[in-house]
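Asker: Sequence first, then the predicted structure:
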Amino acid sequence: GVVRGCLGEEPVREGGLAFVPLCGDSKVVGYLAAKGMRVVGVEASETALKSLYEDIATYDKSIQDRVQIISEDFFTASLPTGFDLIYDRGSLVAIDPSQRTAYLSIINHVSKQGTLCFLEGALRSNDPEDNLTAGPPHHLTVDTVKTLYNDQWKVEVPEDYMVGVNEMMKVIGSHAIYPMALKKL
């Protein structure tokens, strides 16, 4: 989808190494493993971990063996490096904005040149004050992502997604989630 459409590369590669930070109980962990990737997820919530382990248990043993869950705080965990894919489905919008620089430091450390990243941004509302105080999900614009990831990553957003998001914001005046694709340079 989004990563292939924006960057022209297939992000899910059999035998590749995927990282799902703050994975929660996301079904993407099992999905990526079922597609042949080795998957590392990080999650500290016991409730989310219980649900995640239940989901992973529904897969064949060979798929389960490709999943490693680190049940520690993301900011203090000892993490492997050299990921081919980072699937950030809500991490950057879930953490407090004051933690974003520390988060990016870790992402830059565990990635390598050519790492592909799927990232979701969030627009909170048409009210700038709400965007500064409300969350999670915390307000995260394309410009903010480009600033955070600076010159180390190429950031792409599908044009048709932004049109839909802008229209949704006009109609409901509330938050909307939109995808971005990134590639480490």
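Answerer: Done, it's in.
Asker: Averaged pLDDT, the biggest strand by length in the chain. What do you get?
Answerer: In the chain, with assignment by DSSP state E, the single longest strand is strand 111-123. The average pLDDT within strand 111-123 is 85.
Asker: In which helix or strand does residue 23 reside?
Answerer: Assigned by DSSP states H and E, residue 23 belongs to no helix or strand.
Asker: still on that earlier bit, convert the longest strand of the chain to PDB, retaining C-alpha atoms only.
Answerer: Coordinates of each C-alpha in strand 111-123 appear next as PDB, following Å, rounded to 0.1, in the frame of the first residue of the first chain:
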ATOM      1  CA  SER A 111      17.400   1.700  11.700                       C
ATOM      2  CA  LYS A 112      19.900   1.500   8.800                       C
ATOM      3  CA  GLN A 113      20.300   3.200   5.500                       C
ATOM      4  CA  GLY A 114      17.400   2.100   3.300                       C
ATOM      5  CA  THR A 115      15.000   1.300   6.200                       C
ATOM      6  CA  LEU A 116      11.400   1.900   5.200                       C
ATOM      7  CA  CYS A 117       8.900   3.200   7.700                       C
ATOM      8  CA  PHE A 118       5.200   3.400   7.800                       C
ATOM      9  CA  LEU A 119       4.000   6.200  10.100                       C
ATOM     10  CA  GLU A 120       0.600   7.500  11.000                       C
ATOM     11  CA  GLY A 121       0.100  11.200  11.600                       C
ATOM     12  CA  ALA A 122      -2.900  12.800  13.400                       C
ATOM     13  CA  LEU A 123      -4.700  16.000  13.000                       C
END
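Asker: I appreciate the help and will end here.
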